[in-house]
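Engineer: Make a model of this:
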Amino acid sequence: MARTAVRDVVIWVKHIHGEDVSQRVLGLRGGETVDLVVDGVRGAWRKMDDGRDGRPTTGIRPIGRMQDFWRELYSSRRGDVVTIELPQGAAEDVSERSRLTFAPLARTQETRQSALEALLSLRGEGYRNTGVVVTRDDMHDRELDREGL
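Structural biologist: Sure thing, here's the model as predicted:
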């Protein structure tokens, strides 16, 4: 069992006091998820993406219902120490969800060009005037406003 203080909206590995949990988190790549039991509540946490310069970011952020739980914990018990555990069997088995990654889009000239083309292909779509003209007073029925209704 590990412990951490509620200090931030994310959990930083340097604040986790427990070798098993901290090593498990450090072993994740950016975008991978892990199930953790924090203060008795089980939920998913996502390893933060590496920095733009390639340096690893050693934090995990809550996702899903765990995000609401951690936000409430942060607002009501900031500074308190809570327990962190790996769920039973999690040390041996990697859950299907932890294999999912949220890979950042590669910022290449090709992806920029295709995004621009997709945006420009929407030209002409959107609002079409059907020819019906409605004045502002008709739309808001100004006479009723003047009568106090």
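Engineer: and Gly114, how far is that from Arg123?
Structural biologist: Heads up, residue 114 is Ser, not Gly. 16 Å (C-beta to C-beta, to the nearest Å). To be clear about C-beta, it is placed using only N, CA and C from the backbone, and glycine gets the same treatment.
Engineer: Of the two, which one has the most company?
Structural biologist: Taking other C-beta atoms under 10 Å, Ser114 and Arg123 do not tie; Ser114 has more neighbours (11 against 7).
Engineer: Low-confidence ranges, this structure, go.
Structural biologist: Along the chain, the model assigns pLDDT under 70 to residues 89-107, 127, 141-149.
Engineer: do that again at 80, thanks
Structural biologist: 89-108, 123-149 (pLDDT under 80).
Engineer: beta partners for the residue most central in space within it?
Structural biologist: Nearest to the mean C-alpha position of the chain, by C-alpha atoms, centre = their mean, lies Ile63 at 5.7 Å. Beta bridges link Ile63 to Ala44 when assigned by DSSP bridges.
Engineer: Contact partners for Asp50?
Structural biologist: With contact set as C-beta atoms under 8 Å, 6 or more residues apart in numbering, Asp50 has these partners: Gly30, Pro56, Thr57.
Engineer: likewise Tyr74?
Structural biologist: If you count contacts by C-beta under 8 Å, 6+ apart, then Tyr74 has Val6, Asp8, Val9 around it.
Engineer: Provide the count of other residues in contact range of the first one.
Structural biologist: Close neighbours of Val6, defined as other C-beta under 10 Å, add up to 20.
Engineer: doesn't Gly79 make contact with it?
Structural biologist: Yes - if you go by C-beta atoms under 8 Å, Val6 and Gly79 touch, sitting 6.5 Å apart.
Engineer: Any chance you could list residues touching both of these two?
Structural biologist: Contacts common to Val6 and Gly79, judged by C-beta under 8 Å, 6+ apart, are absent.
Engineer: Arg24 and Ser121: what is the separation?
Structural biologist: For Arg24, the distance to Ser121 - C-beta to C-beta - is 45 Å.
Engineer: Show me which of the two is the more surrounded one.
Structural biologist: Arg24 (19 against 9).
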